[in-house]
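Trainee: I'll drop the sequence and a predicted model, then ask my questions.
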Amino acid sequence: MKKPTIYITRKLPEHLLQPYTDRFDFQMWEKEETPVPRDVLLAEAKKAQGLVCMLSDKIDQEFLAQNPQLKVISNLAVGFDNIDIKVAHEKGIVVTNTPDVLSETTADLTFALLMATARRLVEANEEIKANRWGDWSPYYMAGTDIHHKKIGIVGMGRIGEAVARRAKGFNMSILYHNRRRKERAEQELGARYADFETLITEADFIVSLVPLSEETKALFDKNAFGKMKKSAIFINASRGAVVDEAALYEALKEGEIEAAGLDVFLHEPIDSAHPLSTLKNVVCLPHIGSASRETRTTMIQLCLDNIDGVFYGDGPKTAVK
Ligand SMILES: NC(=O)C1=CN([C@@H]2O[C@H](COP(=O)(O)OP(=O)(O)OC[C@H]3O[C@@H](n4cnc5c(N)ncnc54)[C@H](O)[C@@H]3O)[C@@H](O)[C@H]2O)C=CC1
Ligand SMILES: O=C(O)C(=O)CO
């Protein structure tokens with residue numbers, strides 16, 4: 001058979017594609033750091049039987065209506081809120097994502113963000129860069145403790161559990177909220193299930209690791225921030241849209257909560273003019289949860305293996321159901 005054409009929406013390293021080139025004809029957007037323009041994506045995808053896409057590509061009804069010939073869409077992410085799964089499935093297109101392989105790396109970053117926010121690491125580093133480090137004084141750059149505090153994890157899935165394992169190592173008490181109770185995690189980690197309201201009211205650190213869906217859109221709103229402790233620290237490593245950003249800004253500015261650590265935003269990328277990045281009590285990161293060299297390589301390989309499985313094997317390793 002003729003080699004299937006696979007369109008890749010961002011420049012990926014040639015050596016990772018090389019093992020598959022006898023079986024696929026790869027076409028690729030030429031830039032690594034700039035997303036493919038919509039018109040190019042629409043034109044190129046029409047010539048392809050498979051697509052490797054990124055979070056920044058909107059695989060919506062319009063795209064899918066124009067590309068019913070696609071057999072597989074392989075998303076370089078575990079989150080798939082950029083893809084209209086229902087419409088893709090109606091058209092018989094297989095959608096795949098990259099679960100598990102990024103869980104530990106994303107949990108490392110989430111916990112690092114929690115620590116950086118609680119202990120004001122970014123602000124402290126800025127003190128030295130701006131030559132403001134003076135004499136020792138008792139409360140200079142004092143943050144808040146992490147050990148023995150209460151963490152509340154909203155979305156106790158693969159990454160949520162990996163964060164809970166890290167929290168256990170810091171002797172934290174662990175609350176979680178999830179669609180389903182997880183008895184195994186409760187036993188292994190001493191985690192306690194709580195409804196959403198109890199979790200946000202009681203936790204010292206509230207960590208969002210819940211996927212973006214109609215149910216979770218703006219889950220963290222004015223009402224939720226109003227219920228948190230004044231000393232609460234909010235961490236978001238899932239998707240920006242689970243937060244009402246204006247409400248978060250108000251809560252941080254008015255001292256309704258103490259601080260926030262954010263890896264994700266409603267409209268990415270943000271810049272220094274974004275209201276949340278102007279606040280001293282916020283640590284902002286440019287969506288780097290899974291960004292280790294090892295994990296990004298593994299994610300790319302999994303994307304390609306999924307496509308390979310659809311065309312030449314027993315199906316994809318990790319299909320979105
Ligand atoms: N910052 C970053 O770079 C990264 C962000 N992510 C985000 O993290 C999310 C979670 O990834 P995984 O842990 O692999 O997913 P997962 O599917 O294993 O876990 C999500 C958990 O949330 C729960 N959940 C879903 N809807 C809920 C609701 N309405 N209320 C309560 N619980 C609900 C599910 O039951 C599940 O246990 C991804 O969807 C993605 O948005 C993932 C990787 C990297
Ligand atoms: O995998 C995801 O969902 C991300 O956000 C990036 O790894």
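Mentor: Cool, got the structure. Residues are numbered from 1 along each chain as shown. Ligands and ions are numbered 1, 2, ... in the order given.
Trainee: Can you give me the neighbour number for the closest residue to F170 other than its chain neighbours?
Mentor: Residue nearest to F170 in three dimensions, not counting chain neighbours: H147, with 4.9 Å by Cβ to Cβ, 6 or more residues apart in numbering. For every residue, glycine as well, the C-beta is placed using N, CA and C. Residues near H147, counting by other Cβ atoms under 10 Å, number 9.
Trainee: My guess is E245 contacts E268. True?
Mentor: No: E245 is beyond contact range of E268, at 11.8 Å (criterion: Cβ atoms under 8 Å).
Trainee: neighbour-wise, which of these two wins?
Mentor: Set E245 next to E268 and count neighbours by other Cβ under 10 Å: E245 wins out with 20 against 12.
Trainee: can you pull the contacts of the residue nearest to that one when sequence neighbours are not counted?
Mentor: Ranked by Cβ to Cβ, 6+ apart and with sequence neighbours excluded, the top spatial neighbour of E245 is L266, at 5.4 Å. The contact partners of L266, taken as Cβ atoms under 8 Å, 6 or more residues apart in numbering, are G240, A241, V243, E245.
Trainee: is V243 in a bridge, and if so with what?
Mentor: F220 (DSSP bridges).
Trainee: continuing past the strand or helix carrying A246, what's the next helix or strand?
Mentor: Using DSSP states H and E, A246 sits in helix 245-253. The helix or strand immediately downstream of helix 245-253 is strand 259-262, counting by DSSP H and E.
Trainee: Identify the residues contacting that following strand?
Mentor: Here strand 259-262 has contacts from 113-114, 116-118, 233-236, 240, 248, 252, 276, 281-285, using Cβ under 8 Å, 6+ apart.
Trainee: Go through the helix holding A246 and flag the buried ones.
Mentor: By neighbour count with 16 or more other Cβ atoms under 10 Å, helix 245-253 contains the buried residues E245, A247, L248, Y249, A251, L252.
Trainee: and which of these is nearest to A142?
Mentor: Here the nearest of the buried residues of helix 245-253 to A142, counting by Cβ to Cβ, is L252; it sits at 18.3 Å.
Trainee: That closest one is in contact with T278, isn't it?
Mentor: No: using Cβ under 8 Å, L252 makes no contact with T278, being 10.3 Å away.
Trainee: Just the pLDDT for the residue nearest to E245.
Mentor: L266 carries a pLDDT value of 98.
Trainee: Does it belong to a helix, a strand or coil?
Mentor: Three-state assignment for L266 (DSSP: H, G, I helix; E, B strand; the rest coil): coil.
Trainee: What are the phi and psi values at it?
Mentor: phi -60, psi -50 (degrees, to the nearest 10).
Trainee: how close does it sit to K71?
Mentor: L266 is 33 Å from K71, where distance means Cβ to Cβ, to the nearest Å.
Trainee: same check, this time on E104
Mentor: Distance, E104 to K71, by Cβ to Cβ: 31 Å.
Trainee: ditto for A224
Mentor: For A224, the distance to K71 - Cβ to Cβ - is 41 Å.
Trainee: Present the contacts of L266 as a markdown table; the columns should include distance to L12.
Mentor: Listed next are the contacts of L266 as a markdown table, based on distance: Cβ to Cβ, whole Å:
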| residue | distance to L12 |
| --- | --- |
| G240 | 25 |
| A241 | 27 |
| V243 | 31 |
| E245 | 31 |
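Trainee: Now for the protein: which helix has the highest residue count?
Mentor: helix 293-312 (DSSP state H).
Trainee: Quick check: residues of the chain near ligand 1?
Mentor: With Cβ under 6 Å from any ligand atom as the criterion, the chain meets ligand 1 at residues 78-79, 99, 102-103, 106, 155-160, 177-180, 209-213, 215-216, 237-239, 263-264, 287, 289-290.
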